[in-house]
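*Asks:* Sequence first, predicted coordinates after that:
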Protein chains: 2
Amino acid sequence: MPADLPASGASISAGGKSSSLLARYLPITEWGRTYNRAVLANDLVAAVIVTIMLIPQSLAYALLAGLPPVVGLYASILPLVAYAIFGTSRTLAVGPVAVVSLMTASAAGAVAAQGSPEYLEAAITLAALSGIMLAILGFLRLGFLANLLSHPVISGFITASGLLIATSQLKHILGVDAGGDNWPDMLGSLAGSIGQANVATLAIGIPATLFLFWVRKGAKPALVAVGLKPRTAELIVKAGPVAAVALTILAVLLFDLGAKGVNLVGAIPSGLPPFAVPSTDLALIEKLWVPALLISIIGFVESVSVAQTLAAKRRQRIAPDQELIGLGASNIASALSGGYPVTGGFARSVVNFDAGAETPAAGAYTAVGIGLASLFLTPLLFSLPIATLAATIIVAVLSLVDLKTPGQLWRYSKADFAAHIATIGITLMAGVEMGVISGVGVGLMLYLWRASRPHAAIVGRVPETEHFRNVDRHDVFTVPHVLSIRIDESLTYLNARWLEEYVLERVAERPALRHIILMCSAVNEIDASGLESLEAINHRLTDARVGMHLSEVKGPVMDRLKRTRFIDELNGRVFLSQNRAFAELAKDDGLGTAAPNDMARGMI
Amino acid sequence: MPADLPASGASISAGGKSSSLLARYLPITEWGRTYNRAVLANDLVAAVIVTIMLIPQSLAYALLAGLPPVVGLYASILPLVAYAIFGTSRTLAVGPVAVVSLMTASAAGAVAAQGSPEYLEAAITLAALSGIMLAILGFLRLGFLANLLSHPVISGFITASGLLIATSQLKHILGVDAGGDNWPDMLGSLAGSIGQANVATLAIGIPATLFLFWVRKGAKPALVAVGLKPRTAELIVKAGPVAAVALTILAVLLFDLGAKGVNLVGAIPSGLPPFAVPSTDLALIEKLWVPALLISIIGFVESVSVAQTLAAKRRQRIAPDQELIGLGASNIASALSGGYPVTGGFARSVVNFDAGAETPAAGAYTAVGIGLASLFLTPLLFSLPIATLAATIIVAVLSLVDLKTPGQLWRYSKADFAAHIATIGITLMAGVEMGVISGVGVGLMLYLWRASRPHAAIVGRVPETEHFRNVDRHDVFTVPHVLSIRIDESLTYLNARWLEEYVLERVAERPALRHIILMCSAVNEIDASGLESLEAINHRLTDARVGMHLSEVKGPVMDRLKRTRFIDELNGRVFLSQNRAFAELAKDDGLGTAAPNDMARGMI
């Protein structure tokens, strides 16, 4: 990125000469300087609202991760403080999120049984590993690795994850035991146990689910109808889950549902997070590093997209490489305080943004709020039905399922559609880890396949102009002894062999040919393999007594070509413009036409 | 590849509608039709010369592969016949080659001890696996996978292999026992055993090596000096190794060197290759499939480069995907006749070509020659010193070591230099398999890294022209309220995030901005991720009240964009030419300049 940018937000994201190391690695030193009472007020309001929303969500996602609910609270305290210090987004809210919780459950479940101390240790270790990996990627500025996940792969993965998560929670609504971390297993085990469904649990779970759906869809209009401001209504709606929690706790107490077989959260050890040490058992780490890496990348991609969207709305910017460090710090903090992997969540960040948060300090205040909750509120949650938490998860994640994308992709790009569907299918059938890996693999194979078959066109001059266009698409002027080929791709090792074949085939087809012009207007780079192909083509065309010429070579490309033998050995010439090249070479046969493009001279 | 090509060679390589399945999969049916006595004569002459050269080479490479010398002969019979039937190159000569022999030794050595029947079985199984893999890749038309090996990686790998091979043969020149499949192990084990060097063996090995070096460098001029035609001299020189073999056998017999501790080839079972069955032991296959895949790809790349070079000299062409099938058939044939992995060799193919071979039939006749040799010549080879074979190998492979390339790469491209050096270093230090894998890995990472940071330029109009050039490189005309950005890369998922950041940064820097023109002359493709970024940019620019316009969008790209919401939601316009776009948008501020490019109308 360029370094010539305005001071404030820019210097954070420029990450270049203009910004001090301190400003780059400790963004808090940037916004902290200008912190004042007005900002404080706004941050505090936002913090209160986010805290109220975060309590049930944290408990629910911990449940989804197969962990004691309180771990969700632990994961929502120190990580927020760490991000406030190291993060570059002003409004991102970190903590437990649905997809990462699901991935944690799948990874920890592979090494230990849910509920066992080993399972909790695995989750904590995942947070530590993921935190270290993210920080390393950040210091090495390897944020670009996240690009390996294309939009179609990410959206496919998110959709499939939403379906898996919703399915995984049905057992809590039914009040039965069931397992599995892919669809076949989950559905099989549900089908097997549906007979033991608990009526009292259903009586809590189904109304709770319907209520939360209504809150999400119908509540806001209703509140506006009774005269509330849309934005106020919006924020009240976000408190819907809290209402569901309160109401179902009440129901449990009134009808003593605990005795009727409804699973309750039960005793939550109140108090601040304990200090925890991640496992240093190499055997365990060897089993967990791959899932930890996948959790890191998925978490980073989700978080950075949210952060970028929100930053753009206020003309602010984020620094992706520093975001890696911020999220790394959050996960290390999570591990050290007995939490599990966290990242920037969409829903809570939007709430934080809408509630008027102005700096990451809002996150720190939220942490204080959650801390107070885990100190004093936990006794109240004793009678909270698990089914209520499951309902909040189901309603939350079904909004992740996106049914429009496949159709759009099918119409726009079959290759992207294939990657999207493959990711959905494999994630549902083989679980989240295989889903991500094969999504990246399929995307990369399709990319490399396309990159090895680039587009090139034989072009001719549009009459009366200096434009050269594809002979197959336009009515253009050509001469039999000059062939103009426009190469529509950088020449890299992926397509070097293709170029040789393509050019030599064209030559083989045209006995009358005396000159070939390679029009390089779309060639942005020529790597060593591409250069070798050009040299080979030049030698073979020389044998075949055909002249090889280049036109419209870009400045940076030409600078490098000038340092090579190729330019000296080239049997033809390098022209600034295709028009000039065609004019002069056509003349070589008495067919002189358009005038050479003079003012262009010396611009190569 | 296009299907509109001349009949003969073309239809083979077109592999499209124009060529019958028979012609595509059985090239022999193409050239066989026109076979006549004149061609027969030429093929026979070539076959005799290649046979003479191939006998010592086959024995030597078998030795390099750690196999009994006779296996080298077996690998030079049926595979040649199979290639003659399925291959598309008229002059490629297949059989054992140095690099693949080294890779075979390293792979088989990992599962069994040299000299054991299991070791031979592993080598045969490698040939079978590699044959099947090549054939499958061919039928699936996945030849492009070979592109993953860039020129710098291949040449680095070849150089390092040459050094490893030469080093591995020193023990035979010294007459000591030594092992290892990477430099540290090899040199360590040589240093430990150099004390037991056998004088008689040195007395054979050193002169043989010097003689073969002289044959390669000084013999041809000498022969020409005594009045031979250069081409004849060239061919006689190729028989140098045969002379070395004859002379050293003589020396052994005269001075009874066998008794003086010189290792001899000893009894070679004479007769035609036995029928062999590759192992079907899954445990073994699981250990061998990765090396088999690497052998397949390296072998294919070496073979196809040789075939393409020779084909071009005679204006012929080859069909890479069918080449995979041809080499696959050769390796399956090799496995079934007790041989080991084979591929098209450079030296022998050039000899075959220079000797005037016209069709693959020459290969079949060579097979007959080797067959006769293994029937009747093997007794003569009893007294052949191993040192002589080692000398032929050393002299042959040192020509693989290329010391010029690193410097050229350093000057041209640091990234390619890095991939080259990394491949050499890792191959020497960790062996051939790690070398290939990490070469591909490093190349791919560097490619993806570059692809995720594409080149873009802010452009302005060159005075008095319709040319738009980089404002940093040229003295051009711009206006403060219009920003023209030329995107020098296809918009794919690898750089989608970059595009958003880049454009929004430029906007953040320019308060006065009213219009952005994205000049797409170098955008050859926009995948779904790139499209999403354009949509996001459009939304954010709309919020910022900046118009977003596109210019010089390529036909194929525009066709797909027309099918999307993006074009309808675009807050600006799509212009055929950058000149027209700039002219109209600059006017938007009363700064009207160049006339709109009329004749260009309706050409999008």
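*Replies:* That came through fine. Please read these numbers as outputs of a predicted model, since none were measured by experiment.
*Asks:* list the contacts for A:Gln114?
*Replies:* Neighbouring residues of A:Gln114 by C-beta atoms under 8 Å, 6 or more residues apart in numbering or on different chains: A:66, A:105, A:108. For glycine as for every other residue, the C-beta is placed from the backbone atoms N, C-alpha and C.
*Asks:* how many other residues sit next to the second one?
*Replies:* Each residue near A:Ala105 was counted by other C-beta atoms under 10 Å in any protein chain shown, and the total is 24.
*Asks:* In this structure it contacts A:Tyr61, no?
*Replies:* No - between A:Ala105 and A:Tyr61 there is no contact, the gap being 10.1 Å when judged by C-beta atoms under 8 Å.
*Asks:* Isn't A:Leu327 up against A:Glu302?
*Replies:* No - with contact defined as C-beta under 8 Å, A:Leu327 does not count as touching A:Glu302 (10.1 Å).
*Asks:* who's more crowded, those two?
*Replies:* Shown here are A:Leu327 and A:Glu302; by other C-beta under 10 Å, A:Leu327 has more neighbours (33 against 22).
*Asks:* What ranges does the stretch 1-150 of chain A have for its helices?
*Replies:* Applying DSSP state H, counting those that start in this stretch to the stretch 1-150 of chain A gives helices spanning A:8-14, A:21-25, A:28-31, A:37-64, A:69-74, A:78-86, A:98-109, A:117-139.
*Asks:* Give the buried residues for the second one.
*Replies:* Of the residues in helix A:21-25, those buried by neighbour count under the rule 16 or more other C-beta atoms under 10 Å in any protein chain shown are A:23-25.
*Asks:* so which of these comes closest to B:Asn147?
*Replies:* Nearest to B:Asn147 among these, counting by C-beta to C-beta, is A:Arg24 at 38.3 Å.
*Asks:* I'd guessed that closest one sits against A:Glu323; true?
*Replies:* No - applying C-beta under 8 Å, one finds A:Arg24 not in contact with A:Glu323, separated by 12.0 Å.
*Asks:* what's around the closest residue to chain B within the stretch 451-600 of chain A, how many residues?
*Replies:* In the stretch 451-600 of chain A, the residue that lies nearest chain B is A:Tyr493 (3.3 Å; C-beta to the nearest C-beta). If you count neighbours by other C-beta under 10 Å, A:Tyr493 ends up with 27.
*Asks:* Return the residues in contact with it.
*Replies:* Per C-beta under 8 Å, 6+ apart, neighbours of A:Tyr493: A:527-530, B:147, B:149-153, B:443, B:447.
*Asks:* Which one (most neighbours) among these?
*Replies:* Busiest of the contacts of A:Tyr493 [other C-beta under 10 Å] is B:Pro152, holding 33 neighbours.
*Asks:* Against B:Leu409, how distant is the nearest residue to that one once chain neighbours are set aside?
*Replies:* In space, and not counting its chain neighbours, B:Pro152 is closest to B:His420: 3.9 Å by C-beta to C-beta, 6 or more residues apart in numbering or on different chains. The spacing between B:His420 and B:Leu409, counted by C-beta to C-beta, to the nearest Å, is 5 Å.
*Asks:* higher neighbour count, these two?
*Replies:* Neighbours per residue, other C-beta under 10 Å: of B:His420 and B:Leu409, the larger number sits with B:His420, 30 against 24.
*Asks:* tell me which residues in the helix or strand where that one lies are buried?
*Replies:* Assigned by DSSP states H and E, B:His420 belongs to helix B:414-430. Residues of helix B:414-430 classed as buried: B:415-424, B:426-428, B:430 (neighbour count, 16+ other C-beta under 10 Å).
*Asks:* In CSV: the helices of the stretch 1-150 of chain A, plus distance to chain B.
*Replies:* As requested, these are exported to CSV (distance: least, C-beta to the nearest C-beta, whole Å):
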stretch, distance to chain B
helix A:8-14, 7
helix A:21-25, 16
helix A:28-31, 16
helix A:37-64, 21
helix A:69-74, 30
helix A:78-86, 20
helix A:98-109, 19
helix A:117-139, 13
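*Asks:* quick one, which of these is nearest to A:Gly175?
*Replies:* Nearest to A:Gly175, of all the helices of the stretch 1-150 of chain A, is helix A:37-64, at 13.9 Å by C-beta to C-beta.
*Asks:* any idea of the angle the closest one forms with helix A:78-86?
*Replies:* For helix A:37-64 against helix A:78-86, the angle by axes from the mean of the first three to the mean of the last three C-alpha atoms, to 10 degrees is 140 degrees.
*Asks:* How about helix A:37-64, which residues are buried there?
*Replies:* So helix A:37-64, judged by 16+ other C-beta under 10 Å, has buried residues A:39, A:42-47, A:49-64.
*Asks:* same thing with stretch A:476-485?
*Replies:* Within stretch A:476-485, the residues that count as buried by 16+ other C-beta under 10 Å are A:476-479, A:481-485.
*Asks:* tell me the mean pLDDT for it?
*Replies:* For stretch A:476-485, mean pLDDT rounds to 92.
*Asks:* and stretch A:252-270, which residues are buried?
*Replies:* Under 16+ other C-beta under 10 Å, the buried positions of stretch A:252-270 are A:252, A:257-258, A:262-265, A:268.
*Asks:* and the two most separated of those?
*Replies:* The widest separation within the buried residues of stretch A:252-270 (C-beta to C-beta) is 18.3 Å, between A:Leu257 and A:Ile268.
*Asks:* tell me the angle of the helix ranked longest in chain A relative to helix A:98-109?
*Replies:* Among the segments of chain A that qualify as a helix by DSSP state H, the longest is helix A:282-313. On the basis of the same axes, to 10 degrees, helix A:282-313 is oriented at 180 degrees to helix A:98-109.
*Asks:* so how far is helix A:282-313 off the chain centroid?
*Replies:* Helix A:282-313 sits 9 Å away from the centroid of its parent chain (C-alpha atoms, centre = their mean, to the nearest Å).
*Asks:* Residue of the stretch 51-200 of chain A nearest chain B, please.
*Replies:* For the stretch 51-200 of chain A, the residue closest to chain B is A:Ser150, as judged by C-beta to the nearest C-beta, at 3.3 Å.
*Asks:* tell me the centre residue of chain A?
*Replies:* A:Val301 (2.7 Å; C-alpha atoms, centre = their mean).
*Asks:* thinking again about what came up before, identify, from the buried residues of helix A:21-25, the entry nearest to B:Val459.
*Replies:* The closest of the buried residues of helix A:21-25 to B:Val459 turns out to be A:Arg24 (C-beta to C-beta; 30.7 Å).
*Asks:* What does the pLDDT read for that closest one?
*Replies:* What the model reports as pLDDT for A:Arg24 is 74.
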